[in-house]
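Asks: Sequence unavailable; structure follows:
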């Protein structure tokens with residue numbers, strides 16, 4: 001029983017190392033788009049749900065705060081709950097939104113996925129893969 005507990009704890013801690021890093025080392029991008037924050041929020045949530053990036057059952061968690069004109073869309077590993085990707089958005093004004101997107105940088109959650117996330121917002125259409 002003790003060995004099983006050690007294996008489980010080690011696995012969970014290893015999963016934490018695979019998610020978005022708090023030290024700023026995970027790939028990220030910040031930009032402003034000429035869309036309302038509601039449009040950006042819907043686009044980010046749709047893209048996260050539509051593009052599974054090799055994980056057929058990722059969990060998408062999203063929330064919008066109309067009082068603050070902000071929103072967050074997170075993609076979580078279904079087993080560990082570790083955050084693998086995040087889109088944060090904040091209205092600059094009625095027609096412009098600042099977007100911050102970040103991915104873990106581990107495995108398939110790399111710069112290509114970050115580029116696809118950004119193109120999805122900029123083009124207002126789900127992009128799951130960026131072709132060279």
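Replies: That came in fine, so what should we check first? Computed from a predicted structure; not experimentally measured.

Asks: mean confidence for the helix or strand where residue 118 lies?
Replies: In this structure, residue 118 sits in helix 111-123 according to DSSP states H and E. The average pLDDT within helix 111-123 is 93.

Asks: residues in contact with it?
Replies: Contacts with helix 111-123, where a contact means CB atoms under 8 Å, 6 or more residues apart in numbering, come from 27-29, 31, 33, 35, 40, 43-44, 47, 51, 53, 85, 87, 99, 101-103, 105, 126-130. All C-beta atoms are positioned from the backbone trio N, CA, C, and that covers glycine.

Asks: ok, now stretch 24-44?
Replies: Under CB under 8 Å, 6+ apart, the answer for stretch 24-44 is 20, 62, 64, 69-71, 73, 87, 89-92, 94-105, 110-111, 114, 117-118, 120-122, 124, 126.

Asks: on that earlier part again, buried ones in the helix holding residue 118?
Replies: 112-121 (16 or more other CB atoms under 10 Å).

Asks: Just put the residues you listed in CSV and tack on distance to residue 80.
Replies: Formatted as CSV, these follow (distance: CB to CB, whole Å):
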residue, distance to residue 80
112, 22
113, 18
114, 21
115, 25
116, 23
117, 21
118, 25
119, 28
120, 25
121, 27
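
Asks: From those, pick the one nearest residue 77.
Replies: residue 113 (13.8 Å; CB to CB).

Asks: Which residue, other than its chain neighbours, is closest to residue 58?
Replies: Distance criterion CB to CB, 6 or more residues apart in numbering; nearest residue to residue 58, sequence neighbours excluded, is residue 75 at 5.2 Å.

Asks: Please confirm that the one you found is located within a strand.
Replies: Yes - under DSSP: H, G, I helix; E, B strand; the rest coil, residue 75 sits within a strand.

Asks: what's near enough to touch it?
Replies: Residues in contact with residue 75, defined by CB under 8 Å, 6+ apart, are 48, 53, 58-61, 83-86.

Asks: about what we covered before: and which of the buried residues of helix 111-123 is nearest to residue 79?
Replies: The nearest one, if we look at the buried residues of helix 111-123 relative to residue 79 and count by CB to CB, is residue 113, at 18.8 Å.

Asks: which residues touch residue 110?
Replies: Neighbours of residue 110 in contact, by CB under 8 Å, 6+ apart: 27, 103.
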